[in-house]
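Student: Fold the following for me, if possible:
(one chain, ligands or ions: 1)
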Amino acid sequence: MNYRSTRDTKLSLTAAEVIARGLSREGGLFVPESIPQISSEFLSSLVDLPYAERSAAVMKLFLSDFTEDELAQYTKAAYKNFDTESAAPLHRLDENTSFMELWHGPTCAFKDIALQILPYLLTASLRKTNESKKVCILVATSGDTGKAALEGFRDVEGTAILVFYPRDGVSDVQKLQMQSQQGNNVSVCGVEGNFDDAQTGVKQIFSDPVYAEKLAGKGWFLSSANSINWGRLLPQVVYYISAYCDLLKEGKITMGEKISFCVPTGNFGDILAGYYAKQMGLPVKRLICASNSNDVLTEFFHTGMYNRNRPFFTTVSPSMDILISSNLERLLFDASGKDAAYITSIMDQLKKTGCYTVTPEIREKLDSLFYAGCCDEDGTKAQIGKVWSERHYLMDTHTAVAHQVLGQYREAENASEQVVVVSTASPYKFCGAVLEGLGQKVSGDGLTEIAELEAYTGVPAPKPLSALRGAKVRFSASVEKEQMEKVVSDFLM
Ligand SMILES: *Cc1c(COP(=O)(O)O)cnc(C)c1O
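Tutor: Numbers count the residues shown, from 1 in each chain. From the prediction side, this is the model:
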């Protein structure tokens, strides 16, 4: 199985090559040349397997240059750090709704599912491509990615990781999670400014060939851990298939019965993985794309126009505060009939004007599979309170956006199939807004709020978050954007 780029279909690279490279040189994203098909026998064979083995079996279909032994070893190591038997357990809410809780990993957000395994896939890919330099992962984070990448890469041989976060742009809990990071190959640094400043600084470092040469002389090269890397996307395909197996096991569905997934969406990585699962033959009726007040994707699915020229809202579901959903490019590549010239032209338009409109044929294709809706701040908090009072289930702000939009879908389409809501973070990562949703006063800092939420709901906080109480800060520095390159140099050379 080889891979090509969404902007150059003449390329043909192995899985190891695309994981090692991340982004294609002409700016496109790597996609598999064809989608492997799964049968009902394949699904049946997974039903009684633990999550790690389901994961190895599914990933093997795409990673022909990895052995079954390798994948078995990586998935086992990656998913042993979760506090549940499965890395993606279902919680049943009512007769036809389940939450798939993807936040039982070490950092309590769904990014762990991919970032716990990416270091294994990446270091193996570097070996397979005969790369002799060591890799430094450079991350600009708006919160969840940085911590998940730090945990994934800590003490992984042949790697180092440096995370920049906007000093005033992350929550107290998120900041402390990063500042207290353990490991001998890690560093964390604040940047004066917002997420865009940190992101721009990192991009500048990446795109400086002279600097790259200097690092190479010292035996290093830079790579990123963001969700455009195929090695981050592929592990996410697994949990869609896994959820289907779990519903079969519960006896809630029969083989072949179609179900839907509802996904809180930002960069379009998570829901795109669901799209690939559907293309593999998983019986999926609809993929419901839920957005917060940053509703650029809702408008896109409703009108065919993608327009990033709009106000940016900072919301209580910050991991969805995104105006450019990078992974949408992979979906449009497929929907355009794999037309790389077309993708190049609309992505150029996006860069130049901030806007593009897809053809009516593409819109029609997307319409039959996707439903899109959005939910504002009050709606998000109200949903948290409603589900707690009616069902005694505590959910985070991102999951609440998705669950609210699911209600819109069911009403609009009169739909009654089984739906899995993808639950992406522990409610304890966003205590302030969750407490408000429960009608409680918010006081104090992030750590106090964890205790308050525990006291009010009786739901225990995940250990990695309650342990922050005694955590020692290791990395408290922050710098101006212009000094970021020097921070990299001091760390590596
Ligand atoms: C990253 C993230 C999302 C958005 O996922 P995408 O793959 O970027 O669409 C949603 N919820 C949480 C909690 C996240 O961390």
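Student: how about the CA coordinates for stretch 59-67, as PDB?
Tutor: The C-alpha coordinates for stretch 59-67 follow below in PDB (Å, rounded to 0.1, in the frame of the first residue of the first chain):
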ATOM      1  CA  MET A  59      -3.600  -0.400  11.000                       C
ATOM      2  CA  LYS A  60      -1.900  -3.400   9.400                       C
ATOM      3  CA  LEU A  61      -4.300  -2.900   6.400                       C
ATOM      4  CA  PHE A  62      -2.700   0.500   5.700                       C
ATOM      5  CA  LEU A  63       0.900  -0.100   6.900                       C
ATOM      6  CA  SER A  64       2.100  -2.800   4.600                       C
ATOM      7  CA  ASP A  65       5.800  -2.000   5.300                       C
ATOM      8  CA  PHE A  66       5.300  -2.800   9.000                       C
ATOM      9  CA  THR A  67       5.100  -6.300  10.400                       C
END
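Student: average model confidence for it?
Tutor: Averaged across stretch 59-67, pLDDT comes to 97.
Student: Could you do stretch 423-443 as well?
Tutor: For stretch 423-443, the mean confidence score works out to 94.
Student: now do stretch 344-358
Tutor: 96.
Student: Alongside the ligand, which residues does the stretch 101-250 of the chain contribute?
Tutor: 109-111, 144, 227 (CB under 6 Å from any ligand atom). Where C-beta positions appear, they are placed from N, C-alpha and C, glycine not excepted.
Student: any chance of those in JSON lines, plus pLDDT?
Tutor: Output for those, formatted as JSON lines (pLDDT from 0 to 100):
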{"residue": "109", "pLDDT": "94"}
{"residue": "110", "pLDDT": "96"}
{"residue": "111", "pLDDT": "96"}
{"residue": "144", "pLDDT": "85"}
{"residue": "227", "pLDDT": "81"}
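Student: Check the burial of residue 463 by counting its neighbours.
Tutor: Neighbourhood size, residue 463 [other CB atoms under 10 Å]: 10.
Student: start the count at 694, not 1, going forward
Tutor: Yes, from this point I'll number from 694; that puts the last item at residue 1156.
Student: could you list every residue that touches the nearest residue to it once chain neighbours are set aside?
Tutor: Distances taken as CB to CB, 6 or more residues apart in numbering put residue 776 closest to residue 1156, at 6.9 Å, once the chain neighbours are dropped. With contact taken as CB atoms under 8 Å, 6 or more residues apart in numbering, residue 776 is in contact with 797, 1155-1156.
Student: Is it correct that residue 776 falls within a strand?
Tutor: No - using DSSP: H, G, I helix; E, B strand; the rest coil, the assignment for residue 776 is coil, not a strand.
Student: circling back: which of the contacts of residue 776 fall within strands?
Tutor: Counted as lying in strands by DSSP state E, out of the contacts of residue 776, is not a single one.
Student: Okay, and which of these map to helices?
Tutor: Among those, DSSP state H puts residue 1156 in helices.
Student: Put together JSON lines for the contacts of residue 776, with pLDDT on each row.
Tutor: Listed next are these as JSON lines, based on pLDDT from 0 to 100:
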{"residue": "797", "pLDDT": "98"}
{"residue": "1155", "pLDDT": "96"}
{"residue": "1156", "pLDDT": "94"}
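Student: Could you save the contacts of residue 776 as JSON lines and add columns showing distance to residue 974?
Tutor: Supplementary listing: those in JSON lines, determined by distance: CB to CB, whole Å:
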{"residue": "797", "distance to residue 974": "28"}
{"residue": "1155", "distance to residue 974": "35"}
{"residue": "1156", "distance to residue 974": "38"}
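Student: what's the closest of the contacts of residue 776 to residue 1070?
Tutor: residue 1155 (24.8 Å; CB to CB).
Student: these two touch, right, that closest one and residue 801?
Tutor: Yes - Residue 1155 is within contact range of residue 801, at 5.0 Å (criterion: CB atoms under 8 Å).
Student: out of everything not next to it in sequence, what's closest to residue 863?
Tutor: Per CB to CB, 6+ apart, closest to residue 863 is residue 836, 4.8 Å.
Student: and the one you found, how many neighbours does it have?
Tutor: Using other CB under 10 Å: residue 836 sits among 26 other residues.
Student: so who does it touch?
Tutor: Counting by CB under 8 Å, 6+ apart, residue 836 has contacts 858, 863-864, 867, 1011-1012.
Student: what's the pLDDT at it?
Tutor: Taking residue 836 on its own, its pLDDT is 77.
Student: what's the answer for residue 941, then?
Tutor: 98.
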